[in-house]
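Colleague: Okay, structure incoming, though there's no sequence with it:
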Ligand SMILES: Nc1ncnc2c1ncn2[C@@H]1O[C@H](COP(=O)(O)OP(=O)(O)OP(=O)(O)O)[C@@H](O)[C@H]1O
Ligand SMILES: [Mg+2]
């Protein structure tokens, strides 16, 4: 039985990329300089983050994955370029010497995160504007567009991107950030987690109240669907009908990147013509697999097929 798409879907992913860096080591003493542990770094790992992780998830599921983004003219930007190439992602990285590539460095000792260090700058000017023409030509060659907004400035023109993609009749999936969602007007689906949604519609105290808020938001933003990812509560999709999937009961090691897996899987399923119910069923199973892995991990097509 293969409910996964047969034809290779073509995904265009646009958004903020970042480099996830991990330093693993041994902690054996407290520093004589300050009351902090001293870690002797034994190995490091580097992984694609943000929109790059969405593109990587899609490629891992067998999609033809294209990424459009901006990096700084720095070592982290070049590392991202190399990792994307290794991950067989067709990356179009615009190098902007005025920005720093976002890096999230985690220091891990004895299986425990001791510290996270973020390197990032808010761009002082509009990045990706020059990329709109590029965007349009790539949209035409894609089945589905994913806009992965991490609020780092790479999607200043998101409203225009949605308009262009919809003009080509391509489904647009958006992972939102921030509290101004008017710019997502006309997207096919947006995929907030609970706290992102709460920031925009306020808190809810029952599923009924959530449904009312979701229905209103869906109308206000002209969305076909609203997918709320609810961590250990699974996910609920509000469209013409409502579809809920309970979280897969399994050991949870690391939830970071689960949202990226969800939107990538959803996009692959939609590109293949699945309906909403089937698409979120598979996305939820993929998320259940990925939270059982350490770090910003991905699910392979074979793993997913086995789980289905
Ligand atoms: N603790 C958990 N137990 C079981 N499943 C989980 C858990 N956390 C996440 N998941 C699965 O992953 C999906 C997405 O998780 P979540 O709602 O936390 O997204 P997110 O906050 O965008 O994730 P992230 O930003 O870390 O990538 C959930 O809908 C669920 O299927
Ligand atoms: Mg998320």
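Modeller: That came in fine, so what should we check first? All values reported here derive from a predicted model rather than from experimental measurement. Ligands and ions are numbered 1, 2, ... in the order given.
Colleague: Average pLDDT for stretch 85-100, rounded please.
Modeller: Averaging pLDDT along stretch 85-100 yields 92.
Colleague: what's across from the one residue in the stretch 51-200 of the chain that gets nearest to ligand 1 in the sheet?
Modeller: Of all residues in the stretch 51-200 of the chain, residue 193 sits closest to ligand 1, at 3.4 Å by C-beta to the nearest ligand atom. (Each C-beta comes from the backbone N, C-alpha and C, glycine too.) According to DSSP bridges, the residues that bridge with residue 193 are residue 229.
Colleague: quick one, what contacts it?
Modeller: Applying C-beta atoms under 8 Å, 6 or more residues apart in numbering, we find residue 193 in contact with 228, 229, 230, 231, 259.
Colleague: Which per-residue confidence value corresponds to residue 253?
Modeller: 81.
Colleague: Would you confirm that it contacts residue 294?
Modeller: Yes: between residue 253 and residue 294 there is a contact under C-beta atoms under 8 Å: 5.3 Å.
Colleague: any idea how far residue 33 lies from residue 106?
Modeller: Distance, residue 33 to residue 106, by C-beta to C-beta, to the nearest Å: 22 Å.
Colleague: Could you count how many residues lie near whichever residue of the chain sits closest to ligand 1?
Modeller: Residue of the chain nearest ligand 1, by C-beta to the nearest ligand atom: residue 259 (2.3 Å). Residues lying near residue 259 (other C-beta atoms under 10 Å) number 21.
Colleague: and the protein, which of its residues are near ligand 1?
Modeller: When proximity is defined by C-beta under 6 Å from any ligand atom, the chain lies next to ligand 1 at 193, 229-232, 234-235, 247, 252, 255-260, 262, 284, 287-288, 291.
Colleague: Filter those residues down to the buried ones.
Modeller: Among the residues of the chain next to ligand 1, those classed as buried by 16 or more other C-beta atoms under 10 Å are 193, 229-231, 234-235, 247, 256-260, 262, 284, 287-288, 291.
Colleague: next one: the strand or helix carrying residue 270 to chain centre, how far?
Modeller: Residue 270 belongs to helix 258-271 when assigned by DSSP states H and E. Counting by C-alpha atoms, centre = their mean, to the nearest Å, helix 258-271 is centred 9 Å from the centre of its parent chain.
Colleague: I'd like the next helix or strand past it.
Modeller: Beyond helix 258-271 toward the C-terminal end (DSSP H and E), the next one is helix 276-290.
Colleague: List the neighbours of that next one that are in contact with it.
Modeller: The contact list for helix 276-290 (C-beta under 8 Å, 6+ apart) reads 3-4, 61, 225, 227, 229, 234-235, 237, 239, 241, 243, 245, 247-248, 250, 257-258, 261-263, 265-266, 269-270, 274, 297-299, 303-304, 307-308.
Colleague: Just give me the residue closest to the centre of the chain.
Modeller: Centroid-nearest residue in the chain: residue 260, 3.0 Å away (criterion: C-alpha atoms, centre = their mean).
Colleague: Please verify my assumption that that residue contacts residue 148.
Modeller: Yes: between residue 260 and residue 148 there is a contact at 7.4 Å, judged by C-beta under 8 Å.
Colleague: Overlap in contacts, those two.
Modeller: With contacts defined as C-beta under 8 Å, 6+ apart, the residues shared by residue 260 and residue 148 are 50, 54, 175.
Colleague: what's the closest non-adjacent residue to the first one?
Modeller: If you skip the residues right next to it in sequence, residue 50 has residue 18 as its closest partner in space, 4.3 Å away by C-beta to C-beta, 6 or more residues apart in numbering.
Colleague: Parallel or antiparallel, list what pairs with the helix or strand containing that neighbour.
Modeller: Assigned by DSSP H and E, residue 18 belongs to strand 17-30. If you go by DSSP bridges, strand 17-30 pairs up with strand 37-50 (antiparallel), strand 102-109 (parallel).
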